[in-house]
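J.: need coordinates for the following:
(chains A and B)
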Number of protein chains: 2
Amino acid sequence: MSRAWNFSAGPAALPEAVLKRAQAELLDWNGSGASVMELSHRGKPFMALAAAAEQRLRGLMGIPANYKVLFLQGGATQHFAQIPMNLAGPDAHADYIVTGHWGEKAVREAAPYIDARVAATSVAANYLSLPPRDTWQLSKGAAYVHYTPNETIHGVEFHDVPDVGDTPLVADMSSNILSEPVDVSRFGLIYAGAQKNIGPSGLVIMVIRDDLLARAGRPMANIFRYAEHAANDSMLNTPNTWGWYLAGLTFEWLEEQGGLAGMGERNAAKATALYDAIDGSSGFYRSPVEVSARSRMNVPFTLHDSALDAVFLKESEAAGLLALKGHKAVGGMRASLYNAVSLEAVGVLVNFMRDFATRHG
Amino acid sequence: MSRAWNFSAGPAALPEAVLKRAQAELLDWNGSGASVMELSHRGKPFMALAAAAEQRLRGLMGIPANYKVLFLQGGATQHFAQIPMNLAGPDAHADYIVTGHWGEKAVREAAPYIDARVAATSVAANYLSLPPRDTWQLSKGAAYVHYTPNETIHGVEFHDVPDVGDTPLVADMSSNILSEPVDVSRFGLIYAGAQKNIGPSGLVIMVIRDDLLARAGRPMANIFRYAEHAANDSMLNTPNTWGWYLAGLTFEWLEEQGGLAGMGERNAAKATALYDAIDGSSGFYRSPVEVSARSRMNVPFTLHDSALDAVFLKESEAAGLLALKGHKAVGGMRASLYNAVSLEAVGVLVNFMRDFATRHG
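T.: From the prediction side, this is the model:
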């Protein structure tokens, strides 16, 4: 078949231009006579690729000079554990703001390494809203405050960066990194699994303020130390070279799209189009999330009659609309609108939804 | 340029047939309308791909039913640390057989988690031979014995599996996995970074006897527990889906090559051709490694006059022979002859070497 309209929550759609370029040079990258996957990460050609990708990311996000950029592995989940290992000693505590599944998991994986305190949670609201800032019980001397700016499953997103004073703010931006301009200086550490807005799975991008690199005091293997990765330009061991390469191509594509300002506008327009279709459906579709906390990236929605769910999925798939089934924890549908999902794709989805509502309403 | 003859030590050559297939279906895998990189790892199509890849590997290696196969991340280096975490409590000890750079590193990364004892080492021989079996000082009650069947940098290889009694034998097979038939039942745990004989970097394959999964007694995050990965079919979190896919294609290609028996014959023929050229060069080329310990996968060699090194590298590259420069720890040249390096490629190399010796002898 031709290319589908892909609304997968992750691994997710990649820019078609990036895929086409990767395809064209798959057997012969950069005139080397080899695939980029077949070259040493320590050779000059790959080192240049790697450095250029970092520079593009620095430009896109406006990363200050006192932050390191790391290209790591293990998914965000591994870093749920590695962050407390690196940012505090075993007797320290940290505050977690839990606004969904991934925040819960971050606490659970951190617990063996730090006293991970839930300073705020919206679990009582079924994660359909954000806990008001004035209810957060931030603790004295916390090593950091961790939060999840966008929750992929529940579809709730912070629309500004919370003020937590001088405590380093740590953000799992897996599902909204690069989706709009960001003031990196507000954060101590930003990290993201690549498989939503950056590239393929198996790559984690981390942006870390360099003073935090010195905090890792407890015994651990070098491979777990961010400072070691930083000192070795993320080549402490063999990195995911294919992921790094594709990330670089995606960063280049983002520049061509007008950078994060351009993407931010486009993402706002995409989200508005879909939420308008839901809100304007006279109740045929419903967004369960509180309006002020709605995610621009992941839009869960339900049908007024869940008996229609299977029909909706079958017909949407036949229409070339992929991966609209909601996460089992939430049910219903979910459309993920990451950077590589075009406004055109959202238009096709919205038209399908209107037509479906007319036929089944 | 056209495809080069690639002798990279890793990331290394992949089978051209695998690359061509990946290229053909890069934008539309399996009729899905999406790249395999753009699909959820939890969707039926990818789950089927994942299971099929595991089954192929089980068939190729003859993996007994009481072993789990895991598709992990982090490179072999991360598992240098994770293996002691998982295979023993903090008060345990383990024996390490050190025959080169990677064995040394395995000890260093394990040290924070276990009393890692060097039971044998060939460091005094500059890692140019293997320590005789009767000199190994295996300790009582060791949690496991770790060794490196093939040392990529020094080019030394075990040509049989050492007998260590009932202690589980752990093997870092990063640079010789799938290169010849193997009796998996002799091992407690086999692991390998993919980027030499399997696929792209960023993927680790592990074969672990299931009774060992229960050993992880110390506190640690779930993401570090092999038992959790096993219980979740290596989808505890998002795996490296592209790596898994390419590994599956490589396994299929290996089947077409006659499986590990076929590859073993071919690899022996390749190594013989190169060592014969070195040994028959009247001293123009020299293999520093003791004959009985010579690696079939990584062949370091020196030129009789190191002043010719730069000329050799320049001319070989011009002749389309890539990545022959030796590791800085050893110097000289190194040709890596992994599965995807054809007998034809070795023939081209050998002819070049003879011609070079004639011109510069």
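
J.: drop to CA atoms for contacts and neighbour counts, all remaining ones
T.: Noted.

J.: for my notes, confirm A:Thr302 occurs in a helix.
T.: No - counting by DSSP: H, G, I helix; E, B strand; the rest coil, A:Thr302 is not found in a helix; it is strand.

J.: residues contacting it?
T.: With Cα atoms under 8 Å, 6 or more residues apart in numbering or on different chains as the criterion, the residues that contact A:Thr302 are A:285-288, A:331-333.

J.: repeat that for A:Ser292.
T.: Remark: with contacts taken as Cα under 8 Å, 6+ apart, A:Ser292 is in contact with A:Ser129.

J.: how about the one 4 residues further on?
T.: Residues near A:Arg296 by Cα under 8 Å, 6+ apart: A:157, A:267-268, A:270-271, A:337.

J.: show me which pair in the contacts of A:Thr302 is furthest apart.
T.: Within the contacts of A:Thr302, two members stand farthest from each other by Cα to Cα: A:Tyr285 and A:Gly331, at 13.2 Å.

J.: the more surrounded of these two?
T.: Under the neighbour definition other Cα atoms under 10 Å in any protein chain shown, A:Tyr285 and A:Gly331 were set side by side, and A:Tyr285 has more, 22 against 15.

J.: do I have it right that the more buried one meets A:Asp305?
T.: No - under the criterion of Cα atoms under 8 Å, A:Tyr285 is not in contact with A:Asp305, lying 9.1 Å apart.

J.: what about the strand or helix carrying A:Asn267, distance to the chain center?
T.: Element membership of A:Asn267 [criterion: DSSP states H and E] is helix A:259-279. For helix A:259-279, the separation from the chain centroid amounts to 16 Å (computed by Cα atoms, centre = their mean, to the nearest Å).

J.: stretch A:348-361 too?
T.: How far stretch A:348-361 lies from its chain's middle: 29 Å, per Cα atoms, centre = their mean.

J.: run through who's touching that stretch.
T.: Under the criterion Cα under 8 Å, 6+ apart, external residues in contact with stretch A:348-361 comprise A:273-274, A:277, A:281, A:284, A:312, A:316, A:321.

J.: any chance of the contacts of A:Thr302 in CSV, plus distance to B:Ala81 and pLDDT?
T.: Converted to CSV, the contacts of A:Thr302 look like this (distance: Cα to Cα, whole Å; pLDDT from 0 to 100):
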residue, distance to B:Ala81, pLDDT
A:Tyr285, 50, 98
A:Arg286, 48, 97
A:Ser287, 45, 97
A:Pro288, 44, 96
A:Gly331, 39, 92
A:Gly332, 42, 96
A:Met333, 41, 98
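
J.: hmm, which of those residues are the buried ones?
T.: Buried members of the contacts of A:Thr302, scored by 16 or more other Cα atoms under 10 Å in any protein chain shown, are A:285-288, A:332-333.

J.: can you give me the helices for the stretch 51-200 of chain A?
T.: Using DSSP state H, counting those that start in this stretch, the helices of the stretch 51-200 of chain A run over residues A:75-87, A:101-110.

J.: using JSON lines, lay out the ones you listed together with mean neighbour count and mean pLDDT.
T.: Compiled in JSON lines, those are given as follows (neighbours: other Cα atoms under 10 Å in any protein chain shown; pLDDT from 0 to 100):
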{"stretch": "helix A:75-87", "mean neighbour count": "24", "mean pLDDT": "98"}
{"stretch": "helix A:101-110", "mean neighbour count": "20", "mean pLDDT": "98"}
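
J.: nearest to B:Ala65, out of the ones you listed?
T.: B:Ala65 sits nearest to helix A:75-87 of all the helices of the stretch 51-200 of chain A, at 28.7 Å, using Cα to Cα.

J.: for whatever residue of the stretch 51-200 of chain A ends up closest to chain B, give its distance to B:Leu203.
T.: With Cα to the nearest Cα, the shortest gap between the stretch 51-200 of chain A and chain B falls at A:Glu109, namely 4.9 Å. Here the criterion is Cα to Cα, to the nearest Å. By it, A:Glu109 lies 22 Å from B:Leu203.

J.: rewinding a little: buried residues of the helix holding A:Asn267, list them for me.
T.: Burial within helix A:259-279, assessed by neighbour count using 16+ other Cα under 10 Å, is assigned to A:259-264, A:266-268, A:270-271, A:273-275, A:277-278.

J.: contacts only, for A:Val330.
T.: With contact set as Cα under 8 Å, 6+ apart, A:Val330 has these partners: A:153-154.

J.: now swap in A:Ala230 and tell me
T.: With contacts defined as Cα under 8 Å, 6+ apart, A:Ala230 is in contact with A:68-70.

J.: any chance of CSV for these, columns pLDDT?
T.: Putting the contacts of A:Ala230 into CSV (pLDDT from 0 to 100) gives the following:
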residue, pLDDT
A:Lys68, 98
A:Val69, 98
A:Leu70, 98
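
J.: let me see the ranges of the strands in chain A.
T.: Listed in chain order, the strands of chain A (DSSP state E) span residues A:5-6, A:67-72, A:93-98, A:115-121, A:145-147, A:150-151, A:156-157, A:169-172, A:189-193, A:204-209, A:285-286, A:298-303, A:321-322, A:333-336.

J.: on that earlier part again, ok, the residue of the stretch 51-200 of chain A closest to chain B touching A:Phe80?
T.: Yes - with contact defined as Cα under 8 Å, A:Glu109 counts as touching A:Phe80 (5.6 Å).

J.: that older thread, who does the helix holding A:Asn267 touch, helix- and strand-wise?
T.: Contacting helix A:259-279 under the criterion 3 or more Cα pairs under 8 Å, 6 or more residues apart in numbering or on different chains; DSSP states H and E are the following elements: helix A:44-61, strand A:285-286, strand A:298-303, helix A:343-360.

J.: hey, which of these is tucked in deepest?
T.: The highest mean neighbour count among the helices and strands packed on helix A:259-279 belongs to strand A:298-303 (a mean of 24), with neighbours defined as mean count of other Cα atoms under 10 Å in any protein chain shown.

J.: tell me which strands that strand pairs with, and in which orientation.
T.: Under the criterion DSSP bridges, strand A:298-303 sits next to strand A:285-286 (antiparallel), strand A:333-336 (antiparallel) in its sheet.
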